[in-house]
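# After the sequence you'll find the predicted model.
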Amino acid sequence: MTRRISLTQYLIEQQRQHGHIPQELRLLIEVVARACKRIAISVNKGALGDVLGTAGSENVQGEVQKKLDIIANEVLIEANEWGGHLAAMASEEMEGIYLVPNRFPQGEYLLMFDPLDGSSNIDVNVSIGTIFSVLKKPEGSKGVSEDDFLQPGSAQAAAGYCVYGPQTTLVLTVGDGVAMFTLDREQGSFVLTQEDVKIPEDTKEFAINMSNMRHWDAPVKRYIDECLAGEEGPRGKNFNMRWIASMVADVHRILTRGGVFMYPWDKREPNKAGKLRLMYEANPMAFLVEQAGGAATNARERIMDLKPTKLHERVAVVLGSKNEVERVTRYHLEQAQ
Ligand SMILES: O=P(O)(O)OC[C@H]1O[C@](O)(COP(=O)(O)O)[C@@H](O)[C@@H]1O
Ligand SMILES: [Mg+2]
Ligand SMILES: [Mg+2]
């Protein structure tokens, strides 16, 4: 049975007993968790809080911003800027990096986030979330620049997400496995509800937006065709399909019961590597998935080995149950030969 300890207690254990995290990182994660609680309150108010609908603006990627995209971004910035643990932040919703103002103490860490993931699901009351990733500022670098953020995912000090669904659940890794914390609304605290999360190596469930099928590359089509062929096909088993269109919710399902998630490159916009963002979505999710025994590639290479070239870089994503991710990746590599 999982020990019912709070996020704070869990992090203190990680700091004291296992020596995995310095105090600064522990405090930073606690601030992010507090911000997620505030975002959860706004999400739960819905129409009563006037938080639904569009804000009438666009972000740097030309996507229409929802009111909650902006609220969640502001909550994360306000909560984190005065804590003293950070040097700068970067967000899917902001064009450049956000330097911690001089009037606040300066820290060593860099925080990246997708403040509100699954924006298209806000107004229809389907699970959405916040994704975050923590890097250490490179040693010796004076001030902070965008270049300091361009570190591979393997350099992440911590990563996680909070899913706002029927329950509000925070999922975290500091490089020592994956732990899940459920928000106890009466107590106002996140309580450990699962430790040592593991993704089964095999699965019979895939997640992909099937409406893009005609635009897929041949290896993706081959993989999905084989799944759809079921017991009579080469895989010899029937597959189920799920697509929530909130990456947090799809990844949460995979961490809970296995599966493979794919947002591959496709022919709609051939010059874009994919739809999802490397720094705010793919890297933190890849860190979590690998820490749970799964795998994450861009269909050819390990996501966490990729060296980012820009803040808002996009990437193809295949992640989840190890054997399925390896299969999809192998199909792509065979095609390249
Ligand atoms: O609508 P599509 O093309 O299926 O895309 C769904 C994907 O887009 C995303 O919503 C992108 O996230 P944002 O809402 O943060 O832009 C992912 O969470 C999800 O996996
Ligand atoms: Mg997103
Ligand atoms: Mg978003």
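In hand now; what should we look at? Residues are numbered from 1 along each chain as shown. Ligands and ions are numbered 1, 2, ... in the order given.
# What residue in the chain comes nearest to ligand 3?
Among residues of the chain, the one nearest ligand 3 by CB to the ion turns out to be Asp114. It sits 4.4 Å away. C-beta coordinates here come from the backbone N, C-alpha and C atoms, glycine included.
# which one is that residue nearest to, not counting chain neighbours?
In space, Asp114 comes closest to Tyr280 once its chain neighbours are excluded; the distance is 3.9 Å by CB to CB, 6 or more residues apart in numbering.
# Next, count neighbours for that neighbour.
26 (other CB atoms under 10 Å).
# isn't it right next to Gly129, touching?
No - proximity of Tyr280 to Gly129 does not meet the contact threshold set by CB atoms under 8 Å, at 11.6 Å.
# now His18, nearest residue through space, not along the chain?
For His18, ignoring the flanking residues on the chain, the nearest one in space by CB to CB, 6+ apart is Asp176 at 6.3 Å.
# ok but that neighbour is inside a strand, no?
No - assessed with DSSP: H, G, I helix; E, B strand; the rest coil, Asp176 is coil; it does not lie in a strand.
# What's the local residue count around it?
Count around Asp176 with other CB under 10 Å applied: 12.
# Report pLDDT for it.
Per-residue pLDDT puts Asp176 at 93.
# show me what contacts it?
Asp176 makes contact with Gln14, His18, His20, Gln291 under the criterion CB atoms under 8 Å, 6 or more residues apart in numbering.
# Likewise for Val75?
For Val75, the set of contacting residues under the criterion of CB under 8 Å, 6+ apart consists of Ala35, Arg38, Ile39, Ser42, Pro115.
# swap in Lys45?
Val51.
# And for Thr54?
When contacts are taken as CB under 8 Å, 6+ apart, Thr54 is in contact with Val64, Gln65, Lys66, Lys67.
# does it have beta-bridge partners, and which?
Partner residues in beta bridges with Thr54: Lys66, with DSSP bridges as the criterion.
# Which among the contacts of Asp176 count as buried?
Under a neighbour-count criterion of 16 or more other CB atoms under 10 Å, the subset of the contacts of Asp176 counted as buried comprises Gln14, His20, Gln291.
# which one of the contacts of Val75 is nearest ligand 2?
Closest approach between these and ligand 2, by CB to the ion: Pro115, at 9.0 Å.
# can I assume Arg330 sits in a helix?
Yes - according to three-state DSSP, the state of Arg330 is that of a helix.
# What's the per-residue pLDDT of it here?
Predicted confidence (pLDDT) for Arg330: 98.
# number of nearby residues for it?
13.
# All further residue positions should be reported with the first residue as 180.
OK, 180 is where the count begins now, so the last one is Arg509.
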